[in-house]
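Colleague: Take a look and give me a structure for this.
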Amino acid sequence: MTSSALSKPLAPTTNASLEQLVADTAAQLREGDILFISINAFLYRQVARGTGSWCSHVGIAIKEAGEWWVLESKVPTVARTRLRDFLARTCNGELAVRRLPRPLSADERVKLKAAAEQRMGIWYHLGFRYDSKRMFCSKFVYEVYREALGFLPGKLQTLGELLDENPQASVGFWRTWYLGFIPWSRRTVTPASQLHDPRLVTVLDTTAG
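Modeller: Numbering: from 1, shown residues only. Predicted coordinates:
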């Protein structure tokens, strides 16, 4: 991912460019692909800044009755979102699609959907605590892949480790977000760690160049 992609001002994706993005994405998707986008909301911008990445949200692609959907943990709950609606939330048309280096079997696709279905409706965790019954976007992807495929996308790390790795992060914001005390030992998993996981291959990346 280029540094220029990080420095671009965030702008909504226009209708014309959105339709092209949807068409280009759908033409290359496979079930189980992981989709990364950037969302122009204050919390999401802080997530991107705090992880040194342009991306701030992630979901899993599936196909039902000939239509592409994205399974995602978003505010307020885990939900199923049409591909077009998912991509409409990204800024500057920013999108990356990544997958395992081998196709998923029919049985694996069934298991993946079942693992996601078990988590539908679970509430969002605004504190990004992995060791919680609630979900957030990258935890959802991590757990669904772990349960269905035995693969752990990204990496678990403490908030302390994450902020140490990313000195550009706004510690002041996160201290305020956590009501004055950052839970340094809290475990989390980030979209950025999944975006940069070397075991996944990139199918589409509109931020490259």
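
Colleague: Which residue, neighbours along the chain excluded, lies closest to the residue nearest to the spatial centre of the chain?
Modeller: Note on the chain: the residue nearest the mean C-alpha position is Val58, at 1.6 Å, using Cα atoms, centre = their mean. Leaving aside its chain neighbours, Val58 sits nearest to Pro191 (4.4 Å; criterion: Cβ to Cβ, 6 or more residues apart in numbering). Glycine gets a C-beta too; all of them are placed from N, C-alpha and C.

Colleague: and that neighbour, what is it in contact with?
Modeller: 36, 47, 51, 53, 55-58, 137-138, 154 (Cβ atoms under 8 Å, 6 or more residues apart in numbering).

Colleague: how about a cut-off of 7 Å?
Modeller: With contact set as Cβ atoms under 7 Å, 6 or more residues apart in numbering, Pro191 has these partners: 36, 55-58, 137-138.

Colleague: same check, this time on Ala48
Modeller: 38, 54-56.

Colleague: a markdown table for those, including neighbour count, distance to Gly180 and secondary structure?
Modeller: Supplementary listing: the contacts of Ala48 in a markdown table, determined by neighbours: other Cβ atoms under 10 Å; distance: Cβ to Cβ, whole Å; DSSP: H, G, I helix; E, B strand; the rest coil:
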| residue | neighbour count | distance to Gly180 | secondary structure |
| --- | --- | --- | --- |
| Ser38 | 28 | 29 | strand |
| Trp54 | 28 | 29 | coil |
| Cys55 | 28 | 28 | coil |
| Ser56 | 28 | 24 | coil |
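
Colleague: Where does the closest residue to Thr202 other than its chain neighbours sit: helix, strand or coil?
Modeller: Among residues not flanking Thr202 along the chain, Arg98 sits closest, at 5.3 Å (Cβ to Cβ, 6+ apart). Look at Arg98: counting by DSSP: H, G, I helix; E, B strand; the rest coil, its state is strand.

Colleague: Just list whatever residues bridge to Arg98.
Modeller: The partner list for Arg98 in beta bridges (DSSP bridges) reads Ile34, Thr202.

Colleague: Would you agree it is in contact with Ile34?
Modeller: Yes. Counting by Cβ atoms under 7 Å, Arg98 sits close enough to Ile34 to count as a contact (5.0 Å).

Colleague: Would you mind giving both backbone torsions of the residue nearest to Val58?
Modeller: phi -60, psi -40 (degrees, to the nearest 10).
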